[in-house]
Each structure stands twice: as C-alpha cells, then as structure tokens.
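Trainee: Quick one: sequence and predicted model below, then my questions.
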Amino acid sequence: MERRRGLDFMWYLWCGPYSPLNGKDKIAKGLSEETVAFTGGLYADGTKVADLKNSGHGEENRVDWTCDRATIAEVEAHVATLPWPKEWAFMGTKAMDMDACISIMLGEYEQEKRLRGWCRTKTVVLLEGWDEGNYLTYNSKDRAAVEKAIAKKHPGVKYEIVNDRFEGVLTSR
C-alpha cells in the first residue's frame, strides 16, 4: 500500500529544527477561515531557505525566500518533478508548484497528526484498495481480536494496521 509520498523529498517542510513536531512552527486552527493558517520553515539539506506562511483567509501560501537565486531555482525545479497525489489528479500533467506542494505537505502533516491521535486509543486499519484517509477503527488495542474481526468481516482482503507506522513513537498520556 502506498505510504507517504516524497520520502526522498530532500527539501522538507515539517521535519526541520523549526517544525511543528518540536513546537516551533504553528498551525492556527482558530484563525483559519478558507485555508489553514500557519507559519513554518522550508529547509534544503538542513539549512533554512524560506519562511512559509498563510493567514488563513483564502490566499495562496506565502514563501519568503531567505537564500540565493540558485537555491530557489533548485528547490522549485525539484518540486516540479514531484508526483501529484491521487486526490489531486485533476491537475493532470501540470508541474507541481510551491503553493500546491506546501498544501499537500500540510495536509499530510495534519492527517498524520490525526492518525497518531486515533492510534493512541484505537486500532486503525487501512484495507487494500481503500484510499489513504478511509480507515476502519476499532475501539480495542487487542491486535489479535482486531485481526480476527477483520478476517471475519473482510475475508481474504489484505490490510495494514496503521498503528505499526508509529510503533515505538506513540506514548500513552
């Protein structure tokens, strides 16, 4: 099953020293109207190359570059080669741009955060053939019982226990 796209994405939005994962970037749900309000950083090879932001009022994501033109061109060229996710298929053969890339990565970050929350108290399952985002949830952390229930309700269907993505990462609160 398809895992997160862009694992080779050397310019990353949410994994640098200023990422939401360590609390320095901010997503402001309360300020979000039409788009997600956030601030963040864009990093190339561990060096910050841009400040990213959106005020949440429907405009495009803003990229304030903090690097030289050659690095900007390199980042934009790389982003243009990234594949569109299935849910963005309407974009056809158009090359990806920074705004779309930021929106996609932000959506993936929010989805991962939601999954982590669910996986703390439930078993989350993705069936083969189902799109990422459509999950079965079981109010049980008993893996054997969940696997038995899946086999009974969906015989012969391959599946992924999403909780395994975060094995060793999740801690109970």
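Mentor: The structure has been received and is ready for your questions. Numbers count the residues shown, from 1 in each chain.

Trainee: Could you chop this structure up by domain?
Mentor: Taking automatic domain parsing as the reference, the chain has its domains at 1-119, 122-173.

Trainee: Deepest-packed of the ones you listed, please.
Mentor: domain 1-119 (a mean of 15; mean count of other Cβ atoms under 10 Å). The C-beta positions use only the backbone N, C-alpha and C, and glycine is treated the same way.

Trainee: got any ranges where this protein has weak pLDDT?
Mentor: Applying pLDDT under 70 to the chain flags the ranges 1-34, 168-173.

Trainee: Excluding covalently adjacent residues, which one is nearest to Lys141?
Mentor: Nearest residue to Lys141, sequence neighbours excluded (Cβ to Cβ, 6 or more residues apart in numbering): Thr123, at 6.0 Å.

Trainee: Kindly state the beta-bridge partners for that neighbour.
Mentor: Under DSSP bridges, the beta-bridge partners of Thr123 are Tyr138.

Trainee: so the residue nearest to Ala50 when sequence neighbours are not counted, which of the three states?
Mentor: Leaving aside its sequence neighbours, Ala50 sits nearest to Leu42 (Cβ to Cβ, 6+ apart; 4.1 Å). Of the three states, Leu42 takes strand according to DSSP: H, G, I helix; E, B strand; the rest coil.

Trainee: No further questions, thank you.
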